[in-house]
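> using only what follows, build the 3D model:
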Amino acid sequence: MKYTVAIAAFALLAIAVNAAPPAGQQEAHVVRFDSDVQPESYKFAVETSDGKSHQEEGQLKHVGTDHEAIAVRGFYTYLGDDGQTYTINYVADENGYQPEGAHLPRAVQ
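Predicted structure coming up:
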């Protein structure tokens, strides 16, 4: 379970970074990539030449129990078609994926 989550995260990251750019856009290159994978946690940071960045860390919770789960926290930033920089902060845990961003709608309390 521990390594499966880390491998899945890196596989998705590799797919996203290596995806072909839409017609008329330059291909982006990775300008920084840092990672640290431990038996019960991981973290990574990646930046590309087109201004995108993504940082994430995950920690295995309740190790060795029936409730073993991973809690993930991170953010990603990208330049929108309108020229604005957008940032999404997120948590993903037993309560699901919880994104927050100034441009995202908020749930009514």
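
> quick check: mean pLDDT across the lengthiest strand in the chain?
If you go by DSSP state E, the chain has its longest strand at strand 69-79. In this model, strand 69-79 has a mean pLDDT of 95.

> where along this structure do the strands fall?
In the chain, the strands defined using DSSP E lie at 30-38, 41-48, 53-61, 69-79, 85-93, 96-100.

> neighbouring strands for the longest one, and are they parallel or not?
The sheet places strand 69-79 alongside strand 53-61 (antiparallel), strand 85-93 (antiparallel), with pairing taken from DSSP bridges.

> list the buried residues for the first one?
Yep, that's strand 53-61 we're talking about. Along strand 53-61, these residues count as buried under the neighbour rule (16 or more other C-beta atoms under 10 Å): S53, H54, E56, G58, Q59, L60. No exception for glycine: its C-beta is placed from N, CA and C like everyone else's.

> quick revisit: could I get the strands paired with strand 69-79 as a markdown table with distance to A102 and mean pLDDT?
Conversion of the strands paired with strand 69-79 to a markdown table gives the following (distance: least, C-beta to C-beta, whole Å; pLDDT from 0 to 100):
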| stretch | distance to A102 | mean pLDDT |
| --- | --- | --- |
| strand 53-61 | 17 | 96 |
| strand 85-93 | 8 | 95 |
